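J.: Kindly generate the corresponding structure for this input.
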Amino acid sequence: MNLSKNFTLEELVKSETALRLNIPNIPTKAEIENLRVLCEKILQPIRDKFGRVKINSGYRCPAVNKATGGSATSDHMTGCAADLEIPGMANYDLASYISQNFRFTQVILEFYTRGIPDSGWVHVSYNPERLINQALTAVRKDIKTVYLPGLYA
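T.: Now for the predicted structure:
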């Protein structure tokens, strides 16, 4: 099933964690609609501008989200979020582009290491009822994840 010109439902629900643990990662009709809107508003325009977009994680059912260590309130569980990268583009640059060119719920530059352009990934969420344009950088402090306001390379 196509969600947009270049994104499929299969691509947005694929999960190595779900496959490894034999967890069915099947979205509802409402979650599929949220994924379609995410593709329309954020992912497809990025694809149109930059070409290939690699989706690391899209929809996660609650069991998959828990198994990956995701937040209990993660937008992935409603189909409103994806983790992505663009081969050949620094993740900091991708996060910056999103923050400057789109309305969104959150963009998080996750575990980026300055000087290593493809380190980490970019999380973006789009909930039309909560377009707050929150930009964060996720870093590890000891064994905890800390979210800093803003985007930092």
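J.: rest of the way, CA atoms for contacts and neighbours
T.: Will do.
J.: Identify the residues contacting residue 64.
T.: By Cα atoms under 8 Å, 6 or more residues apart in numbering, residue 64 lies in contact with 17-18, 23, 25.
J.: For residue 104, which three-state class applies?
T.: coil (DSSP: H, G, I helix; E, B strand; the rest coil).
J.: Point me to the residue sitting farthest from the middle of this structure.
T.: Most distant residue from the mean C-alpha position of the chain: residue 142, 24.1 Å away (Cα atoms, centre = their mean).
J.: and that residue, how far is that from residue 136?
T.: As judged by Cα to Cα, to the nearest Å, residue 142 and residue 136 stand 19 Å apart.
J.: Could you list the paired strands of the strand ranked longest in the chain along with their orientation?
T.: Identified as the longest strand of the chain according to DSSP state E is strand 134-141. In the sheet, strand 134-141 lines up against strand 106-110 (parallel), strand 144-149 (antiparallel) (DSSP bridges).
J.: Just the C-alphas of it, formatted as PDB.
T.: The C-alpha trace of strand 134-141 is given here as PDB (Å, rounded to 0.1, in the frame of the first residue of the first chain):
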ATOM      1  CA  GLN A 134      10.000  21.500  19.300                       C
ATOM      2  CA  ALA A 135      13.700  21.000  18.300                       C
ATOM      3  CA  LEU A 136      15.800  18.800  20.600                       C
ATOM      4  CA  THR A 137      19.200  17.100  20.700                       C
ATOM      5  CA  ALA A 138      19.400  13.700  22.400                       C
ATOM      6  CA  VAL A 139      22.700  12.900  24.100                       C
ATOM      7  CA  ARG A 140      23.900  10.200  26.500                       C
ATOM      8  CA  LYS A 141      25.000  11.300  29.900                       C
END
